[in-house]
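The sequence and its predicted three-dimensional model are supplied below.
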Amino acid sequence: MTLEVGHDLAVSSPGAGEEFDGSLKGALLVASPKLGDPNFDRSVVILLDHGEEGALGLVLNRPTAVPVDEILEPWQAQATMAPPGVVFSGGPVSRDAVIGVARARGSVLGSYEPGAIWRPVLGHMGTVDLSVPPGDQPFALAGVRLFSGYAGWDGAQLEAEIAQGAWFVVGALADDLLCTRPDDLWHDVLRRQPVPLSMLASYPPHSSVN
């Protein structure tokens, strides 16, 4: 599989629990049982960009069986710091493109101006230019996760889906982006929400299950 390194993303970082006024950049989209799209069944999406022209995000809980060193060997050591160290399926759009989300080490970001190599998402998490080897990054990294493809919406498409009840919009935690238990992320994110949303964490995988 040939992958194209992608990084032309505009991102920002509202904190967990903040109200999302206008742009939903940095928020989580949690798939509602009403969604009905197998591409996003019980998915959790971090929004990297959102505006009048549309939205772009990454599905955080779809690990594949492809090891990182199979596609970008220089990033293997960093990937092992964010287990399970495999490529994740970021969404159904441009599956041959790969986007990296990394954790900056310590307080190195204090004097760094975000730019083409690093763009913040939440706290010390950001998208990283994978064409620049880890050792040549402007500061030390403490783990990376690679996503093949992304989720995208045109114009007001996402707003319409939210209005229809297909997605819950909630605040993100930095640990969500490199979660160690991706299979549990949908449940875990819902469980930490206030009632009644937290009650959906126990919703069965299929409506026929009770």
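Received the coordinates, thanks.

Kindly provide the whole-number mean pLDDT of stretch 23-41.
The average pLDDT within stretch 23-41 is 91.

Kindly report the same for stretch 174-191.
When pLDDT is averaged over stretch 174-191, the result is 96.

repeat for stretch 57-69
When pLDDT is averaged over stretch 57-69, the result is 97.

Now do that stretch: distance from first to last residue.
With CA to CA, to the nearest Å applied, stretch 57-69 spans 24 Å between its terminal residues.

now do stretch 135-146
Start-to-end, stretch 135-146 (CA to CA) is 17 Å.

what's that stretch in contact with?
Applying CB atoms under 8 Å, 6 or more residues apart in numbering, the set of residues contacting stretch 135-146 from outside is 68, 71-72, 75, 78-79, 81-82, 87-88, 98-106, 108-109, 112, 117-118, 128, 130, 134, 177-178. All C-beta atoms are positioned from the backbone trio N, CA, C, and that covers glycine.

From the chain's centroid, how far away is that stretch?
Taking CA atoms, centre = their mean, to the nearest Å, one finds the center of stretch 135-146 at 17 Å from the center of the full chain.

Identify each buried residue in that stretch, please.
By neighbour count on 16 or more other CB atoms under 10 Å, the buried set for stretch 135-146 is Gln137, Leu141, Gly143, Val144, Arg145, Leu146.

After the strand or helix carrying Val144, which helix or strand is next?
Here Val144, judged by DSSP states H and E, is contained in strand 141-154. Elements were assigned by DSSP H and E; along the chain past strand 141-154, the next helix or strand is helix 157-163.

Show me what that following helix is packed up against.
Using 3 or more CB pairs under 8 Å, 6 or more residues apart in numbering; DSSP states H and E as the contact criterion, the elements in contact with helix 157-163 are strand 54-59, strand 167-170.

what sits up against that helix?
By CB under 8 Å, 6+ apart, the residues outside helix 157-163 that reach it are Leu24, Leu29, Leu35, His50, Gly54, Ala55, Trp153, Trp167, Val169.

List the residues that contact Ser32.
By CB under 8 Å, 6+ apart, the residues touching Ser32 are Gly165, Ala166, Trp167, Phe168.

By neighbour count, which of those residues wins?
Within the contacts of Ser32, most neighbours by other CB atoms under 10 Å means Trp167, with 23 neighbours.

is that one in a bridge, and if so with what?
When assigned by DSSP bridges, Trp167 has beta-bridge partners Ala31.

between the buried residues of stretch 135-146, which is nearest Pro205?
Of all those, Arg145 has the smallest distance to Pro205: 24.2 Å, by CB to CB.

pLDDT-wise, which helix or strand of this protein ranks last?
For the chain, the helix or strand with the lowest mean confidence is strand 4-5, at a mean of 44 (criterion: mean pLDDT, DSSP states H and E).

coming back round to it: can you convert the buried residues of stretch 135-146 into TSV and add a column each for distance to Val45?
What follows is the buried residues of stretch 135-146, written out as TSV (distance: CB to CB, whole Å):
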residue	distance to Val45
Gln137	26
Leu141	23
Gly143	20
Val144	19
Arg145	14
Leu146	16
